[in-house]
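please find the sequence and the predicted model below.
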Amino acid sequence: MDTTEKTITHENSEASHHGGSEKVIVSAMFNDDDMLMGSVKTLRAKGYKIHEVFTPFPVHGLDKAMGLKETRIAITAFMYGLLGLSTAIAMTYYMMIVDWPQNIGGKPSFTWIQNMPAFVPIMFELTVFFAAHLMVWTFFVRNGLYPGRKAMNPDPRTTDDMFLMEVELKGDRDQLITILKDTGAVELH
Amino acid sequence: MHYESPIREPLILGDKNYHDVTVEVARPIETAPPRSWWIAFSISLLLFLWGVGNILYTIGTGIGTWGLNKTVGWAWDITNFVWWVGIGHAGTLISAVLLLFRQKWRMSINRSAEAMTIFSVIQAALFPGIHMGRIWLAYFVFPIPNQFGSLWVNFNSPLLWDVFAISTYFSVSVVFWYVGLIPDFAMLRDRAIKPVQKHVYTILSFGWGGKAKHWQRFEEVSLVLAGLATPLVLSVHTIVSMDFATSVIPGWHTTIFPPYFVAGAIFSGFAMVQTLLIIMRKMFRMEHYITIQHIEMMNIVIMLTGSIVGVAYITELFIAWYSGVEYEQYAFLNRATGPYAWAYWSMMTCNVFSPQLMWVKKWRTNIMFTFIISIVVNIGMWFERFVIIVTSLHRDYLPSSWTMFSPTFVDIGIYLGTIGFFFVLFLLYARTFPVIAQAELKTILKSSGESQKKHHTEDGHH
């Protein structure tokens, strides 16, 4: 495909929030996920830092190629599940054994452990309830997602069929532009 | 990297690129609905309003407006409740269990199947609510301290387990569905031209931008939610079955109930997915995404679960005989030969016989045939619950109190009303929500798109 003719170049610098030093970001638009992956790998091999990538769908292996750390969100879900389980145990113990023990259908009401089999469904449901909901809340908070937030992607085409990569400039600008063009970028900003 | 065996049929037909998928998924939302949509919506809305009227009459006057009597204290309300909850199960099965099994064909049907789950659980939850009689005291089912002293709920009771199971199931399904919807709402937001649409989808999409880190977390969250939803969905119908199985009524007091109910739930749920998707793919021209192959796959699930249900029915009969308990034996003899034999044999025909026709490939790949069977199966599954509930109750231990159950117009009205409500919700959803999980579907376009697959074969990549 002939991309060079469509290529437009202009500079887009933003002040870094870290240390006040100037960080120059070069944005490159791709129209194919494999091209994007190839470019990310090439740039990383040459020592460039990928600032951010916006894609319309999860590109498998992109996080590894970019050098992102693995997410720990599943671990939080496990801990939330434990919290739910403990809540269920505490609740059934307090309500059924401590506060108002009753003889219901001859089921034991003197110790929690003897009555426990009847509480298994509640323990299971609350484990799932806490794990699922609190994990999703964590997901929203960590990603900064909330109703009405302005779109985070700088270009609306990145939720359709375009892939936007932001690279931190290092050394010679023209050299980076050449690598980006060679690896299939269709637009440069 | 994008490779799939050439033996596998393509899941997305036609010559499409990523942009085509976007446009075609957004089309039902961005264009005026077809006339068929308005007709379906009007009928559903009328049914729904009729149901609302009947519910208000029930609440205002009391449960006496139903056909219940001293012997048959549970009938259509619980039948409808179990029927609707069961229908919901297919949505979770498709989105969670098939995700864990890495079944890619789930991707173009999971969004609508999950929508179906949520809408049918709403219908289900209505019935115990109004059957309480005094619905304004419905908060009594939650373990909250109340002004009458420290009277707590009974955690030994399966009816309370049900409260926890259904609320967890409903809320987790909503969250699972919504997390998946966020990237697709973002796509609609970025395409919207009209200011109102832009505003609404901006709110709904939570600012999603498709950052790499966010996608990484998104995939992890989806996987963990699928892992949580899988045992959850099995627990829900297990607990629903315990409403019956932990009682001492012959015909209910059966250890086979949990697996038998779960299989039946999946069976009826898949049938409802077929009913809805066959209408939807036609109405919104989604034939390239919901293909004959998808329909065939779902028919195979219907055939399998229908057979499991059939085995369960026969096992029940065998165990009734083998138990040597005369009350148990009579309950089953009465089902098959008593005054409700017509209901029993309708159930047998619809649920055990009709899915066996799916062994014939020509039939299970026929859309009209599938549509008819999907409705037959749901009729059969409604009868299953009716048979279990009413035939076990109507002849109790005291022959002088033996009676029959006949529904009043209120029973029928509320049932029809929930069908209307369900379709109102589904039709509104189909016009305002992305009905196909397009972001997910784009990940398999290169490996399972028709033209892309052909390309692979021609290039000699296997």
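Everything's here; your move.

what's the end-to-end length of stretch B:432-445?
24 Å (CA to CA, to the nearest Å).

which parts of it are buried?
B:433-445 (16 or more other CB atoms under 10 Å in any protein chain shown). C-beta coordinates here come from the backbone N, C-alpha and C atoms, glycine included.

so the spatially closest residue to A:D155 that is not a sequence neighbour: helix, strand or coil?
Nearest residue to A:D155, sequence neighbours excluded (CB to CB, 6 or more residues apart in numbering or on different chains): A:L164, at 5.6 Å. Here A:L164 is recorded as strand under DSSP: H, G, I helix; E, B strand; the rest coil.

just give me the neighbour total for A:L164.
24 (other CB atoms under 10 Å in any protein chain shown).

so in terms of bridging, what pairs with it?
Per DSSP bridges, the residues bridged to A:L164 are A:M29, A:F54.

hang on, B:A40 in a helix?
Yes - counting by three-state DSSP, B:A40 falls inside a helix.

neighbours around it, how many?
A count of nearby residues for B:A40, using other CB under 10 Å, gives 19.

with the one 4 residues further on instead?
Counted with other CB under 10 Å, the burial measure for B:S44 works out to 20 neighbours.

give the buried residues for the helix or strand hosting B:L56.
Using DSSP states H and E, B:L56 sits in helix B:35-61. Buried positions in helix B:35-61, judged by neighbour count with 16+ other CB under 10 Å: B:37, B:40-41, B:44-45, B:47-48, B:50-51, B:54-55, B:58-59.

so for the residue lying closest to A:H133 once chain neighbours are set aside, what's the pLDDT?
Take A:H133 and drop its neighbours on the chain: the residue closest to it by CB to CB, 6+ apart is B:V175, 6.3 Å away. Note for B:V175: predicted pLDDT of 94.

low-confidence stretches in the stretch 51-200 of chain B?
B:146-150 (pLDDT under 70).

burial of the residue in it that chain A sits nearest to, as a residue count?
Chain A sits closest to B:D190 of the stretch 51-200 of chain B, with a gap of 3.6 Å, by CB to the nearest CB. Burial measure for B:D190: 24 neighbouring residues, criterion other CB under 10 Å.

tell me the SS of B:H288?
B:H288 - assigned by three-state DSSP - is coil.

separation between the residue nearest to A:H133 and A:M37?
B:V175 sits 31 Å away from A:M37 when distances are taken as CB to CB, to the nearest Å.

ok, now B:A430?
35 Å.

helices or strands next to the helix holding B:L56 in the packing?
Judged by 3 or more CB pairs under 8 Å, 6 or more residues apart in numbering or on different chains; DSSP states H and E, the packing partners of helix B:35-61 are helix B:110-131, helix B:257-283, helix B:409-432.

show me what contacts residue 180?
All of this is about chain A. A:26, A:28, A:39, A:43, A:167, A:188 (CB atoms under 8 Å, 6 or more residues apart in numbering or on different chains).

please refer instead to chain B.
B:95, B:110-111, B:114, B:222, B:437, B:440.

buried subset of these?
B:95, B:110-111, B:114, B:222, B:437, B:440.

of these, list those near chain A.
B:E440 (CB under 8 Å from any CB of the partner chain).

report how many residues lie close to whatever residue of the stretch 1-150 of chain B ends up closest to chain A.
Residue nearest to chain A within the stretch 1-150 of chain B: B:Y18 (3.6 Å; CB to the nearest CB). Using other CB under 10 Å, B:Y18 has 22 other residues around it.

if I look at the residue nearest to it when sequence neighbours are not counted, how far off is B:P434?
Residue nearest to B:Y18 in three dimensions, not counting chain neighbours: A:D161, with 3.6 Å by CB to CB, 6+ apart. Distance of A:D161 to B:P434, given as CB to CB: 15 Å.

now B:A113
Applying CB to CB, the value for B:A113 to B:P434 is 14 Å.

may I have the phi/psi pair for the residue of the stretch 1-150 of chain B closest to chain A?
With angles defined as degrees, to the nearest 10, B:Y18 sits at phi -60, psi -40.

surely it touches B:I444?
No - using CB atoms under 8 Å, B:Y18 is not in contact with B:I444, being 11.6 Å away.

show me what residue of the stretch 251-400 of chain B gets nearest to chain A.
Counting by CB to the nearest CB, the stretch 251-400 of chain B gets nearest to chain A through B:P258 (11.2 Å).

correct me if wrong: that residue contacts B:T238.
Yes - the pair B:P258 / B:T238 is scored as a contact, 4.1 Å apart, by CB under 8 Å.

neighbour count for those two, which is higher?
B:T238 (22 against 18).

returning to that earlier point: before we move on, which element is the residue of the stretch 51-200 of chain B closest to chain A in?
Counting by DSSP H and E, B:D190 is found in helix B:158-191.

how far does that helix sit from its chain's centre?
In terms of CA atoms, centre = their mean, to the nearest Å, the centre of helix B:158-191 is found 14 Å from the chain centre.

residues of it that come out buried?
B:158, B:160-170, B:172-173, B:175-177, B:179-191.

ditto for stretch B:79-91
In stretch B:79-91, counting by 16+ other CB under 10 Å, buried: B:79-91.

just those residues: which are in strands?
Using DSSP state E, the subset of the buried residues of stretch B:79-91 located in strands is empty.

distance to B:T246 added to those, as a markdown table?
What follows is the buried residues of stretch B:79-91, written out as a markdown table (distance: CB to CB, whole Å):
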| residue | distance to B:T246 |
| --- | --- |
| B:T79 | 19 |
| B:N80 | 21 |
| B:F81 | 17 |
| B:V82 | 15 |
| B:W83 | 20 |
| B:W84 | 22 |
| B:V85 | 17 |
| B:G86 | 19 |
| B:I87 | 24 |
| B:G88 | 22 |
| B:H89 | 21 |
| B:A90 | 26 |
| B:G91 | 27 |
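
can you report phi and psi for the residue sitting nearest the centre point of chain A?
Nearest to the geometric centre of chain A sits A:N143, at 6.4 Å (CA atoms, centre = their mean). Main-chain torsions, A:N143, degrees, to the nearest 10: phi -90, psi -10.

please tell me how far it sits from B:G180.
The value you get for A:N143 to B:G180, if CB to CB is used, is 15 Å.
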